[in-house]
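Trainee: Have a look at this prediction, sequence included:
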Amino acid sequence: MVGKGTSEAATPKDTGAGPWRARAKKLKDSEAYDELLTFARTRLESVPKDPLANAYLGYALAAKGEPEEALTSLALAEGEPKEALTALLLRSRLLQELGKDKESATLLDEAFRRSPNDTTLLLALMKAHVAADRPADALRLAHHLTQINPDNVASWRALLETAMSVGHYAEAVEAAGKVLAMDPDDGIVARYQALSLSKMGYLKDGILALQGHLETHPNDRDGWHDLGILQVQNNQNAEALESFGKSRELDRSNPATLLALGTLLAKMDRPEEALEPLTGAVKLRPEAVETHFNLAQVQERLGNLDAALDEYSRAAAASESHVESAICLGTLLAKMGRLSEARSQLEAAADKNPHSLPLLFNLACVYSALGDHYRSYMAFKRLNHHEPFDNEAWVLRGKELAQSLGIEEGSVLSWITRGEDLYARGSYVEAHECFRRALDLDPQNAVARPRRAQTLAAVYNIPPDDGAAWYRVARMLVELRLLSDAMDAVSLLFTVRPQDPDGRVLVGRILDSLTRSSAALSQADICLKADPKHTGGLALKGESLLKLGKYAEALDTFEALLKLTPDDPTVLTFKGMALCQLKRGKEGLDAFDAAIALDPRNREAWYQKGLQLESEGQYESALQAFSRGLQ
C-alpha cells in the first residue's frame with residue numbers, strides 16, 4: 001500500500017525511544033507505510049538491531065506485501081516489551097499466509113509457554129492450531145482459557161467456536177449452554193447450539209432449541225433462516241417455507257434466505273414461485289455458483305432454455321470445479337441441437353475434472369450423437385476402467401465399438417471376424433475388446449475364449465498359461481485403478497489356476513473397493529476353501545463381515561487370523577473394532593492398546609481408541625488418543 005503522508009519521515013528532532021515510538025505509531029496508524037519504512041531504516045542505521053525499529057520495519061514490510069523480509073525484522077522485535085506480542089501475532093499470521101501453518105502454531109506455542117495466561121495469545125494460538133489441523137491442541141487451549149477465565153463469556157464463546165470448527169459438537173453444545181446462561185440474548189450462540197445438536201444427529205432437538213430461542217427473540221432473522229434449513233433436513237418442507245418466509249419478512253435482501261427459499265420451492269415442484277427469490281439471490285450475490293446453478297435448473301424446467309443456458313454458463317465460469325454446472329451446460333447445449341458446442345464445453349470441463357465419471361458419461365453420449373463412435377467407445381472404456389460393473393456404460397461401450405468398427409453388434413461371428421482382422425494388423429487392444437464382446441454373447445464360444453487370452457497376452461507380452469505373470473499384471477492394473485482390465489487379467493489367471501487363492505483375494509479386494517462386501521466375502525470363502533490358513537483370505541473375510549455388520553463372525557475370523565499372525569497390529573485393530581461393535585468396549589480398548597504397542601504410529605488404532613473412549617464419556621482421554629493419531 002502506498003503511504004499517505006510525506007512529511008512525517010523527515011529527520012526527527014528527537015531520536016529517543018518515546019518520541020520515536022509516537023511518530024512511528026502515527027505513521028502506522030495513518031497507513032503511511034513508505035514513510036514508515038524509511039523512518040525505521042534510518043533509526044536502524046544509528047541504532048543497529050533496535051527491537052522497536054525492527055518491529056515497525058516489520059509492520060511496514062508486511063503491509064507492503066513483503067512477508068519474508070517482514071518475518072526477519074519481526075523476529076528481532078522480541079526484546080521490545082510493548083511491541084513483542086503484536087509482532088509475534090503478525091509473524092504467526094504471515095506464516096499462515098505463506099502456508100506454514102505448523103510453523104505458525106509452533107511459534108505461538110513457544111510464546112504460550114512463557115505467558116500461559118495471556119488471553120490474546122491464547123486466542124491466536126487456538127486459531128493457529130485449527131489452521132494447522134491440530135484439533136486436540138486447539139481444544140486443549142480452549143479448555144485452558146475457560147479454566148483461567150471461568151466467568152468470562154468470551155472464553156466460553158471461544159471454546160464453542162473452536163469445538164465447532166474441529167467437529168466436536170458435544171463440547172460445542174455444552175459451551176453454548178454456558179454462554180446462554182450468561183447472555184441469553186446471544187442469537188449467534190443459540191444458532192450454534194442448534195446446529196451442533198443437528199450435527200450430532202439430534203435434528204429434532206436442534207429444531208426445538210431454535211424454536212425456543214425464537215419464541216423470545218422473534219426478530220432474529222438468521223435464527224428463522226437456520227430453523228428453515230434444519231426443517232428441510234427433517235423433511236418438514238411446509239414448516240420450512242414458513243420459517244424462510246419469516247426470515248424474509250425481517251430482511252428482504254438476504255441472499256442466503258432467498259436462495260434457500262427458491263431451492264425449496266423448486267424441490268416442492270413449484271418452479272414458477274421459485275423463480276422470483278432465486279432471481280433476487282443472483283442479483284444480490286452474482287459471484288455465488290449455487291445461486292446461478294439453481295436458477296438455471298428452474299429456468300430449464302420452465303422451458304426458458306436460453307435463460308437457463310446463460311445461468312449454467314455463469315455457474316461454470318464462476319467455478320471450474322463445480323462439475324454439475326459443466327455437465328448441465330453441455331447436456332443443455334446438446335438438447336438444443338448445438339452438439340459441437342456441447343462437445344467443446346464437456347471436453348474442456350473433462351480436462352479440468354478428469355476423474356468425474358458423470359462428466360465422462362455425458363461426453364461419451366455427445367460423441368455418439370455427433371457420430372464419432374470411436375471416441376465415444378474410448379470414453380466409455382475409460383469410464384469402465386474406474387467403474388467396471390457399470391452395466392449401462394458397458395452396454396453402450398459395446399454399441400459404440402460396433403458402430404466404430406462397422407459390425408453387427410449382436411453377432412458373435414461379426415465380433416470374432418473383426419477381432420481376427422484387428423489382431424492380424426497388430427491392434428491387440430481393440431482385438432481383445434472384440435473377443436471379449438463375443439464371449440459376452442456366447443460365454444462358451446470355443447474360438448473367442450482362447451483368442452481373448454492370446455490378444456491380452458500380446459498386449460502385455462505374456463504367455464497365456466503363465467498364471468504367476470497374470471497375477472502380477474492384475475495387481476499392477478489394480479494399483480493403476482484400471483479395474484476392468486485387472487478383472488480380465490485375473491480371469492485369465494483362473495483359466496490356468498481356477499482356485500488360485502491369491503487371485504481370489506485380489507478379486508475380493510477389487511469388489512470391496514466398489515463397496516460390494518457380499519461379493520468380496522464370496523471370494524474370500526473360495527480362497528479359504530482352497531487354503532483354510534490363507535492369511536489374505538482370512539483378512540478379507542473378517543473385514544467383509546465387519547462391513548456387513550456380522551460382528552461376531554468377524555471377531556471369530558480375526559481371532560483365527562491372530563493365531564497365524566499374532567503380532568499383526570492391523571488385525572488387532574480390526575479385532576478391537578469388532579469387540580466394540582459387540583459392546584465389549586474394555587476388550588476392544590485392550591486390543592487397540594496391543595496394536596499400538598506393536599506400532600505406535602498406527603493411526604487407525606489411535607482413532608478407533610478415541611472413538612470408543614468418546615462413546616464412554618472419557619473425553620479428555622479421547623482427545624489425547626485423537627491427538628496421538630494425528631501426530
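Mentor: Nice, I can see it. Numbers count the residues shown, from 1 in each chain.

Trainee: From the domain annotation, what segments belong to each domain of this protein?
Mentor: The chain breaks down into these domains under automatic domain parsing: 1-95, 567-631.

Trainee: can you count the residues close to Glu110?
Mentor: Glu110: 9 surrounding residues under other CB atoms under 10 Å. From N, CA and C alone the C-beta is placed, and that goes for glycine too.

Trainee: element containing it, please.
Mentor: In the assignment (DSSP states H and E), Glu110 maps to helix 101-114.

Trainee: Equivalent analysis for Pro354, please.
Mentor: Counting by DSSP H and E, Pro354 is part of no helix or strand.

Trainee: Tell me how far it lies from Gly206.
Mentor: 39 Å (CB to CB, to the nearest Å).

Trainee: who has more neighbours, these two?
Mentor: Gly206 (26 against 10).

Trainee: Distance check, the more buried one against Tyr367.
Mentor: Distance from Gly206 to Tyr367, counting by CB to CB: 48 Å.

Trainee: Please name the residues that touch Leu613.
Mentor: By CB atoms under 8 Å, 6 or more residues apart in numbering, the contact set of Leu613 is Leu589, Tyr619, Ser621, Ala622, Ala625.

Trainee: In these, which residue is surrounded by the most others?
Mentor: For the contacts of Leu613, counting by other CB under 10 Å, the largest number of neighbours falls to Ala625: 25 neighbours.

Trainee: hang on, the earlier thing: which members of the contacts of Leu613 are the farthest-apart pair?
Mentor: Distances among the contacts of Leu613 were taken as CB to CB; the most separated pair is Leu589 and Tyr619, at 15.1 Å.

Trainee: ok, now which ones touch the residue lying closest to Gly223 once chain neighbours are set aside?
Mentor: Excluding its sequence neighbours, the residue lying closest to Gly223 (CB to CB, 6 or more residues apart in numbering) is Leu214, at 5.2 Å. Applying CB under 8 Å, 6+ apart, we find Leu214 in contact with Asp220, Gly223, Trp224, Leu227.

Trainee: For the helix holding Glu110, the averaged confidence score.
Mentor: Mean pLDDT, computed over helix 101-114, is 72.

Trainee: And for stretch 77-85?
Mentor: 67.

Trainee: swap in stretch 547-554?
Mentor: Stretch 547-554 carries an average pLDDT of 93.

Trainee: Next, the buried residues of that stretch.
Mentor: For stretch 547-554, a neighbour-count test (16 or more other CB atoms under 10 Å) marks Lys550, Tyr551, Glu553, Ala554 as buried.

Trainee: now swap in stretch 22-35 and tell me
Mentor: Neighbour-count burial for stretch 22-35 [16+ other CB under 10 Å]: Arg23, Ala24, Leu27, Lys28, Glu31, Ala32, Tyr33, Asp34, Glu35.

Trainee: Endpoints of it, how far apart?
Mentor: 14 Å (CA to CA, to the nearest Å).

Trainee: ok now that stretch, how far from the chain's centre?
Mentor: Counting by CA atoms, centre = their mean, to the nearest Å, stretch 22-35 is centred 43 Å from the centre of its parent chain.

Trainee: what's around the closest residue in space to Leu27 that isn't next to it in sequence, how many residues?
Mentor: Excluding the flanking residues, the one nearest Leu27 by CB to CB, 6+ apart is Leu36, at 4.1 Å. Residues near Leu36, counting by other CB under 10 Å, number 28.

Trainee: Give me the pLDDT value at Leu36.
Mentor: Note for Leu36: predicted pLDDT of 88.

Trainee: Now name the helix or strand holding it.
Mentor: helix 33-46.

Trainee: which other helices and strands contact the next helix or strand after that helix?
Mentor: Next along the chain after helix 33-46, taking DSSP H and E as the criterion, comes helix 51-63. Applying 3 or more CB pairs under 8 Å, 6 or more residues apart in numbering; DSSP states H and E, one finds that helix 51-63 makes contact with helix 17-29, helix 33-46, helix 67-75, helix 81-97.

Trainee: in the protein, which residue is closest to the centre?
Mentor: Taking CA atoms, centre = their mean, the centroid of the chain lies closest to Ser321, which sits 12.8 Å from it.

Trainee: Please tell me how far the residue nearest to Gly223 sits from Asn254.
Mentor: For Leu214, the distance to Asn254 - CB to CB - is 16 Å.

Trainee: pLDDT score for the residue nearest to Gly223?
Mentor: So, for Leu214, pLDDT stands at 92.

Trainee: tell me the contacts of Tyr377?
Mentor: Counted by CB under 8 Å, 6+ apart, Tyr377 has contacts Arg397, Glu400, Leu401, Gln403, Ser404.

Trainee: Surely the first one touches Lys381?
Mentor: Yes. Contact between Arg397 and Lys381 holds when scored by CB atoms under 8 Å: they sit 5.8 Å apart.

Trainee: Looking at those two, which is more packed in?
Mentor: Between Arg397 and Lys381, Arg397 has the larger neighbour count (other CB under 10 Å), namely 24 against 19.

Trainee: Looks like Glu543 contacts Asp512 (just checking).
Mentor: Yes. With contacts counted by CB under 8 Å, Glu543 reaches Asp512, the gap being 7.1 Å.

Trainee: ok, these two, which is more surrounded?
Mentor: The neighbour comparison of Glu543 against Asp512 (other CB under 10 Å) goes to Glu543, with 24 against 19.

Trainee: Setting aside sequence neighbours, what's the nearest residue to that one?
Mentor: Phe574 (6.5 Å).

Trainee: Next: Val507.
Mentor: Gln523 (4.9 Å).

Trainee: so what's the one you found up against?
Mentor: Arg504, Val505, Val507, Gly508, Leu511, Leu540.

Trainee: and it, what helix or strand is that in?
Mentor: helix 517-530.

Trainee: Next, the buried residues of that helix.
Mentor: Buried, per 16+ other CB under 10 Å, within helix 517-530: Ser517, Ala519, Ala520, Leu521, Ser522, Gln523, Ala524, Ile526, Cys527, Leu528.

Trainee: Provide the secondary structure category for Val235.
Mentor: Careful, residue 235 is Asn and not Val. coil (DSSP: H, G, I helix; E, B strand; the rest coil).

Trainee: And it, how far from Arg270?
Mentor: Using CB to CB, Asn235 is found at 16 Å from Arg270.

Trainee: More neighbours: which of those two?
Mentor: Neighbours were counted for Asn235 and for Arg270 using other CB under 10 Å; Arg270 has more, 14 against 9.

Trainee: any weak-confidence spans in the stretch 351-500 of the chain?
Mentor: 388-391 (pLDDT under 70).

Trainee: quick one: contacts for Asp261?
Mentor: Actually, residue 261 is Leu. It isn't Asp. Contacts of Leu261 by CB under 8 Å, 6+ apart are Gly228, Leu241, Phe244, Gly245, Arg248, Ala274, Pro277.

Trainee: what helix or strand is the fourth one on?
Mentor: It stands for Gly245. helix 237-250.

Trainee: quick one: average pLDDT of that helix?
Mentor: Rounded mean pLDDT across helix 237-250 is 95.
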